[in-house]
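Participant: next one to model:
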Amino acid sequence: MVGLNDRCVTLILDATLQVRVEVQYEDREHAFYDREDDRWFGAEIASAKVADEIEVEILVDVDRKTGTVRGAKFLTQEVSIFGPSDWA
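Facilitator: Next comes the predicted model:
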């Protein structure tokens, strides 16, 4: 518990969420690098779908009388998702 007053209880919850995302990335498998221009040629945009579990913290305000959630805010700003090891 983080806070308590006459109307509200404020809590920080640790939650595990299941997420599914589609990630787009530059596939350089058949590309070549030009040092003079400092860029890749022949790279293609590829995508992959990834499912993972992430850990987050959520700040929740609960009404003391009704037990109703009055508001919630993600405290975790960034998460890492890991996909196949053969990504470019």
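Participant: middle-most residue in this structure, spatially?
Facilitator: Residue closest to the average C-alpha location in the chain (CA atoms, centre = their mean): Val79, at 4.1 Å.
Participant: does that residue count as helix, strand or coil?
Facilitator: coil (DSSP: H, G, I helix; E, B strand; the rest coil).
Participant: just the pLDDT for it.
Facilitator: In this model, Val79 is scored at 87, pLDDT.
Participant: got the contact list for it?
Facilitator: Residues in contact with Val79 (CB atoms under 8 Å, 6 or more residues apart in numbering) are Val19, Ile54, Glu55, Val56. C-beta coordinates here come from the backbone N, C-alpha and C atoms, glycine included.
Participant: could you tell me how many residues sit around the nearest residue to the last one once chain neighbours are set aside?
Facilitator: Spatially, and ignoring its direct neighbours in sequence, Val56 is nearest to Thr76 (4.0 Å; CB to CB, 6 or more residues apart in numbering). Other residues within reach of Thr76, judged by other CB atoms under 10 Å, total 13.
Participant: separation between Thr76 and Glu26?
Facilitator: Distance of Thr76 to Glu26, given as CB to CB, to the nearest Å: 27 Å.
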